[in-house]
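Q: Sequence and predicted model, in that order:
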Amino acid sequence: MDLIQVPMTLVLLVALALAFDFMNGFHDAANSIATVVSTRVLKPWQAVLWAAFFNVLAWAVFHLAVASTIGKGIVEPTFVDSRVIFGALVGAISWNLITWYYGIPSSSSHALIGGLIGAVLPKAGMAPLLWPGILKTGAFIFVAPLLGMALGALIMLMVSWIFFRTPPRRVDRWFRRVQLLSSAAYSLGHGGNDAQKTMGIIWLLLIANGITTEDRLPTWVVMSCFIAIGVGTMFGGWRIVKTMGQRITKLKPVGGFAAETAGSITLFMATHFGIPVSTTHTITGAIMGVGTTGGTSNVRWAVAGNIMIAWILTIPASAAIAALAWWIGGLFI
């Protein structure tokens with residue numbers, strides 16, 4: 001189809017989706033770089049370039065199972081139109097801006113899913129909701145951080161046991177190098193899971209407008225989403241870096257390595273099985289797991305508790321905003 005034949009509304013909504021993807025990278029940059037910055041392995045500008053590169057490289061590593069879940073597994077595509085997509089994106093973007101402003105590491109992923117649910121409900125009620133996909137995604141609000149926490153603690157204990165007789169200064173120096181690899185792996189997992197969520201939204205939009213089918217995701221969508229999240233990561237989310245890297249627990253390079261490795265394992269598994277998880281939830285759980293190996297008092301549970309409250313509120317809050325945006329969208333879409 002020629003570009004001239006594409007409705008302007010469709011072009012603007014694709015641009016809005018890519019803006020969300022950019023903001024996802026911007027908002028979640030802290031997840032990728034907080035540990036490597038707080039341990040002073042890389043300077044902030046070096047860290048964002050490092051993370052952005054591996055965000056984009058994810059296109060060559062992962063299958064598009066998560067995009068399929070978002071595009072065909074949350075709501076029935078036949079009920080989706082441009083107005084629903086507008087409401088979903090406005091709901092997700094608004095919640096991201098609110099949590100970014102207050103420095104709360106919430107989930108862009110669940111904001112998008114909440115927005116999609118909230119925008120379709122006023123149009124068609126409960127009928128379009130695909131509960132297997134919704135329940136699977138909802139379950140991982142709890143599974144992802146718990147798995148990250150368990151793996152973070154386990155890896156930290158294993159490393160402590162292996163290097164028990166090694167002088168701390170030597171361990172610190174060695175893990176400053178190794179942490180580059182763990183942060184790269186985490187950024188790869190971040191790009192692989194999060195960029196696909198925006199692909200799924202654009203895919204739904206294109207299906208609704210008859211431009212593509214449910215069995216074909218255009219290559220330009222894939223590449224533009226990976227690039228958008230990479231560019232967003234380059235701009236970074238500095239307000240959240242402090243919360244993730246310093247306020248939950250104090251990290252050394254070995255702790256940063258354990259948290260990033262635990263987070264990347266969780267993200268790789270979820271992406272392989274097509275489960276849209278929150279990178280924020282995952283790395284927060286991993287950092288908490290690392291912190292608990294030095295005693296529960298090393299974790300600031302009040303900060304962690306506030307973060308968890310934001311996690312619980314994300315889907316209903318973004319859904320409510322999306323429902324309002326859907327109603328407003330009827331005035332001009």
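A: Looks like it came in fine.

Q: backbone phi and psi for the nearest residue to P44 once chain neighbours are set aside, please?
A: Nearest non-adjacent residue to P44, counting by C-beta to C-beta, 6 or more residues apart in numbering: V37, 5.5 Å away. For glycine as for every other residue, the C-beta is placed from the backbone atoms N, C-alpha and C. Here is the backbone geometry of V37 (degrees, to the nearest 10): phi -80, psi -40.

Q: Next, count neighbours for A92.
A: Number of residues near A92 (other C-beta atoms under 10 Å) recorded here: 35.

Q: how far away is it from R40?
A: Distance check for A92 against R40: by C-beta to C-beta, to the nearest Å, it reads 33 Å.

Q: What of I113?
A: Per C-beta to C-beta, I113 is found 36 Å from R40.

Q: helix/strand/coil for E214?
A: For E214, the assignment made with DSSP: H, G, I helix; E, B strand; the rest coil gives coil.

Q: For I113 and R40, indicate the residue with more neighbours.
A: Neighbours per residue (other C-beta under 10 Å) separate I113 from R40, with I113 holding more: 30 against 11.

Q: secondary structure class for the more buried one?
A: What three-state DSSP gives for I113 is helix.

Q: So which residues of this protein form helices?
A: For the chain, the helices defined by DSSP state H cover 8-38, 44-57, 65-72, 82-101, 108-124, 131-162, 168-208, 219-235, 238-242, 253-272, 279-292, 301-329.

Q: Redo the ones you listed as CSV? Include mean pLDDT.
A: As requested, the helices of the chain are arranged in CSV below (pLDDT from 0 to 100):
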stretch, mean pLDDT
helix 8-38, 83
helix 44-57, 86
helix 65-72, 92
helix 82-101, 92
helix 108-124, 93
helix 131-162, 92
helix 168-208, 90
helix 219-235, 92
helix 238-242, 53
helix 253-272, 92
helix 279-292, 85
helix 301-329, 84
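
Q: Can you tell me which of these is packed in deepest?
A: helix 279-292 (a mean of 30; mean count of other C-beta atoms under 10 Å).
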